[in-house]
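Student: build me a model:
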Amino acid sequence: MYTFITWVVVVVQITVYLSSYNGEAFLNEQIDSILHQRDVLINLIIRDDGSSDKTCELLEQYRGDRRITILRGKNLGYAKSFLSMVKSDRKEVSDYYAFSDQDDIWLPQKLKCGIKQLQHIPQDVPALYVSALQRVDENLNKQDKQNFPHLILSLGAEFTRHRLAGCTFVFNKCMKRLLERSGNLADICSHDALATMICLSCGGKVIYDSNSYILFRRHGHNTSVDGKGMIFKVYHDIKKFILNKHQHRDLAKRLCGTFSADLTSSAISFLQEAANYDKSITKTIQFAFNKQLGCGYWYYNFFVRAMILCRYY
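Tutor: Model prediction:
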C-alpha cells in the first residue's frame, strides 16, 4: 500500500509601491532587487512623479513585465505620490504591502522577513513592520548602520520626531485600508510618518526589527536629512517649524476628525491636547511637559518642547 503526501506551498503576494522622480541613476538596480525577492509573489506599482530626466524612458523597458504597473503623473511630491498609489489600488490582490525608495537595493529576504513578523497579527488589526538601515554610499560601500538607538514606539514619540524609514515598511491589509482614508493629510505629513501615527493611534501594532535587509544608499540627491550632521539637522528643523507653523497641531486635529471612530481613548486624549495646546498659556505649558512626548533622542525631546513653548508646534 502506497501513501502519497501532497505538499502545498503557500506563497504570499505583496504589493510594493515605488515613487520615482529623476531617478535614472539607480532605479534599475532597485527594481531588479524588488523583482528578485525570495518566496513572495511581487506586484510592483511604480508611479513617476513628473521626472524631467530619462526615468520614464527607463521605466518603459519594464512594460512587458506583468508584475509591474507603471503610472505617470504630475509632480505631487513624494508623500502625495505614495498615498495616491495606495488610494488608487483598489484591486486588493495582496495581503501585504510595502513602500520603496528609488535608489536603494533590497536584500533578497527583505519582504519575506517583514511578512513573517506580521503573519501572527490578526488581519483586522493594523500592523506595520519596520527595520534598521544599512547605510551605503552611491557605490555601495558600507557606512554605519542606523538602528535608531533608544527608539520609542508610541504616538507621543511620533509627535516628537518621526525616526523610522518608509523604505523599510511592510504592512497588512487593515493598515492599507486606513491609509486609503487618509484624505489630504499628506499635505502636512510624510507618508511614512502618517502611516506610523495612524497605526499607533488606531490600536495597531508597530514591529521593529534591529536587523537590516536594505542597502540604504546615501548620495547627493537624497531628499531626506539622514546622515547629514547635527548642524544641518538643527538648521533644517528650525526652518521647518518656522515655515510650517502649527503643522503638528493641525495634524492632530485632522487625525481626530478623519479617524474618530477608530482611535483609542488614549490617542484621543493625546491628540486633543496637541490640537488645543495654543488655546491658553496653561495648555501650552502642560503640553510642553507632557510625559508622552519623547522619541528616545535627547535633542528632539528638548527641541520639540521649545517649539511648543514658542507656539510654533
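Student: element containing residue 208?
Tutor: Assigned by DSSP states H and E, residue 208 belongs to strand 205-209.
Student: past that strand, which element shows up next along the chain?
Tutor: strand 214-217.
Student: who does that following strand pair up with?
Tutor: Sheet pairing here is set by DSSP bridges, and for strand 214-217 it gives strand 105-106 (antiparallel), strand 133-136 (parallel).
Student: low pLDDT regions in the stretch 101-250 of the chain?
Tutor: Flagging of the stretch 101-250 of the chain using pLDDT under 70 yields the residue ranges 220-228.
Student: so where do the helices sit in it?
Tutor: 110-118, 155-158, 173-180, 191-201, 230-243, 247-258 (DSSP state H, counting those that start in this stretch).
Student: now mean neighbour count and distance to residue 278 too, for those helices, in CSV please.
Tutor: Any C-beta I mention is one placed from the backbone N, CA and C, and that applies to glycine too. Listed next are the helices of the stretch 101-250 of the chain as CSV, based on neighbours: other Cβ atoms under 10 Å; distance: least, Cβ to Cβ, whole Å:
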stretch, mean neighbour count, distance to residue 278
helix 110-118, 20, 38
helix 155-158, 22, 18
helix 173-180, 19, 28
helix 191-201, 25, 20
helix 230-243, 12, 14
helix 247-258, 19, 7
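Student: now the strands paired with strand 214-217 in a markdown table, with distance to residue 119 and mean neighbour count?
Tutor: Putting the strands paired with strand 214-217 into a markdown table (distance: least, Cβ to Cβ, whole Å; neighbours: other Cβ atoms under 10 Å) gives the following:
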| stretch | distance to residue 119 | mean neighbour count |
| --- | --- | --- |
| strand 105-106 | 19 | 21 |
| strand 133-136 | 23 | 20 |
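Student: let's have the helices of the stretch 101-250 of the chain in JSON lines, adding distance to residue 16.
Tutor: Below are the helices of the stretch 101-250 of the chain laid out as JSON lines (distance: least, Cβ to Cβ, whole Å):
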{"stretch": "helix 110-118", "distance to residue 16": "8"}
{"stretch": "helix 155-158", "distance to residue 16": "24"}
{"stretch": "helix 173-180", "distance to residue 16": "12"}
{"stretch": "helix 191-201", "distance to residue 16": "14"}
{"stretch": "helix 230-243", "distance to residue 16": "29"}
{"stretch": "helix 247-258", "distance to residue 16": "25"}
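Student: quick one on the thing from earlier: so what does the strand holding residue 208 touch, helix or strand wise?
Tutor: When contacts are defined as 3 or more Cβ pairs under 8 Å, 6 or more residues apart in numbering; DSSP states H and E, strand 205-209 sits against helix 110-118, strand 127-131, helix 191-201.
Student: make JSON lines out of the ones you listed and add distance to residue 54.
Tutor: Converted to JSON lines, the helices and strands packed on strand 205-209 look like this (distance: least, Cβ to Cβ, whole Å):
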{"stretch": "helix 110-118", "distance to residue 54": "27"}
{"stretch": "strand 127-131", "distance to residue 54": "31"}
{"stretch": "helix 191-201", "distance to residue 54": "25"}
